[in-house]
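Engineer: Sequence first, then the predicted structure:
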Amino acid sequence: MNLSVFRHYALSSSVAAAMLGGCGGSQPSIAGPGAMPQTFASAARADGGKSWMLPEAKSKDLLYVGDIYDVTVYSYPQGKLEGRLNGFYEIGGECVDAKGDVFVVNTLGGKIVEYAHGGKKPIQTLQATGYEPADCAIDPTTGNLAVTIFGGGSGGELAIYPNAKGTPALYTDPDFLNYGYCGYDDSGNLFIDGDNQEDAIVFAELPKGSSSLINLTLDQTFNDTGAIQWDGKYLAVGNQNTSNIYRFSISGSQGTEVGVTQLGGDAHWVHKFFILNHKVIAPNFYFIGSQFESNVLIFNYPSGGSPLQTISKGVKASETAVVSLAKK
């Protein structure tokens with residue numbers, strides 16, 4: 001597997017190897033700055049058991065934290081534990097639609113699982129195409145579901161499920177080997193990142209109504225893929241083995257950096273962040289000495305700085321986060 005494009009796969013794979021004891025009882029060495037040392041991999045061990053959700057959760061705004069093997073659900077912004085969804089095998093990303101339905105990318109399970117707001121049972125499961133589904137995004141103008149596919153060396157693709165159902169339309173770009181994170185703007189244009197044959201990070205846009213991807217050039221260097229989200233004015237792009245979120249103005253095939261949000265505190269490996277109402281929610285890995293830790297940090301956006309809030313109860317190895325708003 002090409003480790004340049006998705007460091008959290010290195011993290012997830014090392015967790016799985018530690019839990020299974022590795023081949024012949026040994027634990028593989030995984031290169032790259034995002035690899036989790038085997039000694040601390042047990043921190044992400046799944047709870048197992050049945051999914052559960054408090055009955056009153058449906059009336060609250062909810063934060064869904066993808067924790068590799070399960071999704072832990074909290075009230076937002078209070079951070080009170082409200083439930084847990086189990087049964088996943090390495091969660092890649094999450095996305096949420098206008099109804100508050102949450103889609104969870106079950107990467108090694110090869111599926112995208114949909115839950116109603118506050119629900120504990122799936123309401124739909126979509127089969128992914130290709131090798132491993134990586135991330136997802138919902139088009140706010142159509143309800144279409146975009147899913148990036150990590151090719152694992154054989155080449156990935158972009159899948160668009162009309163109205164988040166059925167059989168997807170597939171898109172490829174010759175400049176992409178693997179497809180990483182994705183995000184729509186408020187006009188229905190889709191932005192993606194990934195890597196190419198030379199391990200360089202690449203970006204592209206699928207304009208609304210278009211049948212082909214357009215390659216983008218951003219005036220910032222990235223050494224890893226990172227989350228992509230439209231913040232209402234600019235395209236926010238992360239670099240997942242740092243704590244920086246870069247903001248870009250997009251014109252044609254060019255992205256011009258207009259600012260950077262620097263996340264302080266213990267923020268280090270920030271995977272799929274989520275921006276909502278001038279706050280950014282950051283799933284995070286870090287170390288205290290040799291001790292592996294994981295939490296979810298909440299910051300002002302775009303100012304960044306020190307975290308306003310830390311959620312750690314029930315967090316094992318946070319990969320992704322989204323907020324589903326209750327119906328008012």
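Structural biologist: Great, that's in hand.

Engineer: Give me the neighbour count for Val102.
Structural biologist: 25 (other C-beta atoms under 10 Å). C-betas here are computed from N, CA, C, even on glycine.

Engineer: need the contact list for it.
Structural biologist: Tyr64, Val71, Glu94, Cys95, Val96, Glu114, Tyr115, His117, Val322, Ser324 (C-beta atoms under 8 Å, 6 or more residues apart in numbering).

Engineer: and the last one, backbone torsions?
Structural biologist: Right, the one you point to is Ser324. Reported as degrees, to the nearest 10, the phi and psi values for Ser324 are phi -110, psi 120.

Engineer: give me every residue that touches the closest residue to it other than its chain neighbours.
Structural biologist: Closest residue to Ser324 apart from its sequence neighbours, by C-beta to C-beta, 6 or more residues apart in numbering: Gly100 at 4.3 Å. Residues in contact with Gly100, defined by C-beta under 8 Å, 6+ apart, are Ala116, His117, Ser324, Leu325, Ala326, Lys327.

Engineer: my guess is Thr242 meets Phe273, correct?
Structural biologist: No: counting by C-beta atoms under 8 Å, Thr242 sits too far from Phe273 to count as a contact (11.8 Å).

Engineer: Between those two, point out the one with more neighbours.
Structural biologist: Phe273 (28 against 19).

Engineer: What separation is there between the more buried one and Asp231?
Structural biologist: Distance, Phe273 to Asp231, using C-beta to C-beta, to the nearest Å: 10 Å.

Engineer: try Val73
Structural biologist: In terms of C-beta to C-beta, Val73 sits 24 Å off from Asp231.

Engineer: Of the two, which one has the most company?
Structural biologist: More crowded of Val73 and Asp231, by other C-beta under 10 Å: Val73, with 28 against 19.

Engineer: quick one: which helix or strand includes that one?
Structural biologist: Per DSSP states H and E: Val73 is located in strand 71-75.

Engineer: buried residues in whatever helix or strand comes next after that strand?
Structural biologist: Toward the C-terminal end, the helix or strand that comes next after strand 71-75 (DSSP H and E) is strand 81-85. Across strand 81-85, burial judged by 16 or more other C-beta atoms under 10 Å covers Glu82, Gly83, Arg84, Leu85.

Engineer: tell me the angle the helix or strand that strand 81-85 is followed by makes with strand 81-85.
Structural biologist: Moving toward the C-terminus from strand 81-85, the next helix or strand (DSSP H and E) is strand 91-96. Put simply, strand 91-96 runs at 120 degrees to strand 81-85, going by axes from the mean of the first three to the mean of the last three C-alpha atoms, to 10 degrees.
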